[in-house]
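> fold the following and give me the result.
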Amino acid sequence: MNVGVLGGTFDPVHNGHLILADVAEEQLNLSEMLFVPVGQPWLKTERIITPAQHRLQMLRLALDDRPQFRISEMEIERPGPTYTIDTIKELKDGLNADDELFFILGQDSLMQVPQWHEAQDLVQLCYLAAAPRPGVKKPDLKALEAEIPGIKQRVMLMKEPKVDITATDIRERVARGLSVRHLVPEPVNRYIKEQKLYVV
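Predicted coordinates for the structure are as follows:
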């Protein structure tokens with residue numbers, strides 16, 4: 001069984017996340033796709049993250065009509081900073097020996113993996129499925145291999161989707177009073193308005 005893992009703050013979840021999940025499911029022949037919202041991300045300590053209950057509810061609304069996608073709350077429930085290696089270890093423990101995990105990330109994030117906590121162990125436990133990002137050049141796998149020997153065999157470069165939607169842009173648009181209807185699922189759009197999220 002192939003299990004995809006899509007982590008992130010999902011602040012908010014947007015159409016780009018859903019398109020990426022759809023394409024990954026097909027390209028990687030996934031049996032299951034897990035959305036894993038972070039609790040306290042150690043790489044984003046400079047920004048205040050929207051409370052977990054709002055991010056979770058937006059995810060539930062976005063995935064309501066997509067039963068093939070599931071949400072895991074393990075990182076939100078885990079105290080302290082969130083490390084990908086801890087999540088992958090926990091997920092791996094719940095799988096059969098021949099099951100494979102595919103951690104899905106952007107190709108820009110792939111070049112940051114050497115800075116991640118226990119990166120060498122991480123690439124032994126899962127494949128890294130890296131999606132292209134508009135304006136981001138192809139990752140230098142040779143440079144990555146020099147920092148993490150063996151990573152080249154564990155990386156899968158996805159050819160699509162190239163989606164130019166970011167949660168940062170969505171938050172900024174909402175703060176400026178602009179519509180985000182074309183960027184997020186409609187139930188998420190309504191929730192943002194009802195809860196007055198991202199309003200300065």
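> where exactly do the helices run in the protein?
For the chain, the helices defined by DSSP state H cover 15-27, 52-63, 74-77, 84-93, 107-110, 119-125, 141-147, 167-175, 186-195.
> what comes up buried for the fifth one?
Neighbour-count burial for helix 107-110 flags Gln107, Ser109, Leu110 (criterion: 16 or more other CB atoms under 10 Å). Placement of C-beta: from N, CA and C, glycine included.
> any weak-confidence spans in the protein?
Applying pLDDT under 70 to the chain flags the ranges 40-46.
> coming back round to it: distance to Val5 for the helices of the chain - can I get that in JSON lines?
Output for these, formatted as JSON lines (distance: least, CB to CB, whole Å):
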{"stretch": "helix 15-27", "distance to Val5": "10"}
{"stretch": "helix 52-63", "distance to Val5": "14"}
{"stretch": "helix 74-77", "distance to Val5": "11"}
{"stretch": "helix 84-93", "distance to Val5": "7"}
{"stretch": "helix 107-110", "distance to Val5": "13"}
{"stretch": "helix 119-125", "distance to Val5": "11"}
{"stretch": "helix 141-147", "distance to Val5": "19"}
{"stretch": "helix 167-175", "distance to Val5": "18"}
{"stretch": "helix 186-195", "distance to Val5": "21"}
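> closest to Gly39 out of the ones you listed?
Gly39 sits nearest to helix 74-77 of all the helices of the chain, at 4.5 Å, using CB to CB.
> could you report the neighbour count for Ala146?
Neighbours of Ala146 under the rule other CB atoms under 10 Å: 11.
> before we move on, the earlier item: can you say which of the helices of the chain is nearest to Phe35?
Smallest distance to Phe35 across those (CB to CB): 5.8 Å, for helix 52-63.
> what separates stretch 6-14 from the chain centre, distance-wise?
Averaging C-alpha positions (CA atoms, centre = their mean, to the nearest Å) puts stretch 6-14 6 Å from its chain's average.
> let's see that stretch as CSV, backbone CA atoms only.
Output of stretch 6-14 as CSV, limited to C-alpha atoms (Å, rounded to 0.1, in the frame of the first residue of the first chain):
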residue,chain,number,x,y,z
LEU,A,6,0.8,16.1,2.8
GLY,A,7,1.8,18.3,5.7
GLY,A,8,1.5,22.0,6.1
THR,A,9,0.0,24.8,8.2
PHE,A,10,-3.0,24.8,5.9
ASP,A,11,-3.6,28.4,7.0
PRO,A,12,-5.8,28.3,5.0
VAL,A,13,-6.2,25.1,3.0
HIS,A,14,-6.6,26.2,-0.6
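> need the residues that contact that stretch.
For stretch 6-14, the external contacting residues (CB atoms under 8 Å, 6 or more residues apart in numbering) are 17, 20-21, 24, 33-38, 41, 44, 49-50, 55, 58-59, 62, 75, 84, 87, 103-105, 165-167, 170-171, 183-185, 188, 192, 197-198.
> just the buried residues from the residues you listed, in ChimeraX please.
This is the ChimeraX syntax for the buried subset of the contacts of stretch 6-14, where burial follows 16+ other CB under 10 Å:
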select :17,20,21,24,33,34,35,36,37,38,41,49,50,55,58,59,62,75,84,87,103,104,105,165,167,170,171,183,184,185,188,192,197,198
